[in-house]
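**Q** here's my sequence, what's the structure:
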Amino acid sequence: MKDEELSVRLREAAGAHRPDRERMLARVERGMAEGGPPARVVRPRRAAPSWLRVAGATAAVCGVLAFGAFAVTSTGEGGAHGERVAAPPTASPTPSVTPPPALGPLRTEDGPLWTDGAVDPHSNAYWAQSDVTLRTAEPLSSLTVELRIALTGGVNSTGSWRSLPAEDFTVSVTEDGGYLVYRWALRAGRTVPAGTHMFAGQYNHAEGARDAAGDYLTAHAVRTTGERASVGDYFGPNH
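**A** Numbering: from 1, shown residues only. As a prediction, the model looks like this:
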């Protein structure tokens with residue numbers, strides 16, 4: 001038999017073939033009755049489009065980032081249920097400023113006594129002199145003058161002087177209550193004559209123009225008649 005004839009007969013036989021449906025069902029039922037699972041047809045999976053693969057990868061990255069953020073929040077310290085709470089900003093410390101004393105309005109004149117306080121015009125950016133001018137219309141048998149310089153930045157004494165004789169006074173320089181205190185006290189048995197007299201305290205200070213708002217002076221005297229007099233003055237805005 002020639003190859004051409006064989007091919008024709010095979011095609012005719014294939015075309016005439018009809019599957020025996022009843023026999024196939026019978027085989028399936030028989031297999032199920034015997035406890036075996038029916039044959040599973042496995043179809044090849046189609047590859048996902050490239051855009052879908054990219055979207056899936058992006059979603060996965062976002063999920064990892066979201067989980068990381070949740071982990072940081074849930075493990076933080078200092079808040080309820082483990083939530084992280086931002087610390088409030090720390091307030092800057094308020095610089096300490098020495099206020100003027102609560103002396104009320106000082107009298108610059110009392111009876112024969114008058115006074116004035118001022119920063120000497122020859123003061124500079126590193127050094128200053130505070131001048132006390134005291135005038136009395138009659139002799140004094142007792143006198144105490146105090147000059148108080150607020151201890152602002154860098155203040156320290158460099159000396160003092162007075163126009164009256166040095167041997168007539170005791171002089172001290174101390175620190176008290178936030179002030180550098182110059183004190184001149186008339187010695188017992190000495191007398192301050194009538195006239196205008198000067199007392200001055202000198203000191204270094206931090207570079208720049210120094211604010212003398214907290215500085216002040218007081219003077220307490222006894223007249224030869226036994227009467228007392230007291231005066232005072234500020235060096236700052238109240239001057």
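**Q** show me what contacts V181?
**A** E146, L147, R148, I149, S172, V173, T174, E175 (Cβ atoms under 8 Å, 6 or more residues apart in numbering). Glycine gets a C-beta too; all of them are placed from N, C-alpha and C.
**Q** and the helix or strand harbouring it, which residues are buried?
**A** If you go by DSSP states H and E, V181 is part of strand 179-186. Across strand 179-186, burial judged by 16 or more other Cβ atoms under 10 Å covers Y179, L180, V181, Y182, R183, W184, A185, L186.
**Q** and these as JSON lines, adding distance to L164 and pLDDT?
**A** What follows is the buried residues of strand 179-186, written out as JSON lines (distance: Cβ to Cβ, whole Å; pLDDT from 0 to 100):
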{"residue": "Y179", "distance to L164": "23", "pLDDT": "97"}
{"residue": "L180", "distance to L164": "22", "pLDDT": "98"}
{"residue": "V181", "distance to L164": "19", "pLDDT": "98"}
{"residue": "Y182", "distance to L164": "14", "pLDDT": "98"}
{"residue": "R183", "distance to L164": "14", "pLDDT": "98"}
{"residue": "W184", "distance to L164": "8", "pLDDT": "98"}
{"residue": "A185", "distance to L164": "12", "pLDDT": "98"}
{"residue": "L186", "distance to L164": "8", "pLDDT": "98"}
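**Q** quick one, strands of the protein?
**A** Taking DSSP state E to define them, one finds strands in the chain at 109-110, 113-119, 127-136, 140-150, 156-162, 169-176, 179-186, 195-204, 216-223, 228-234.
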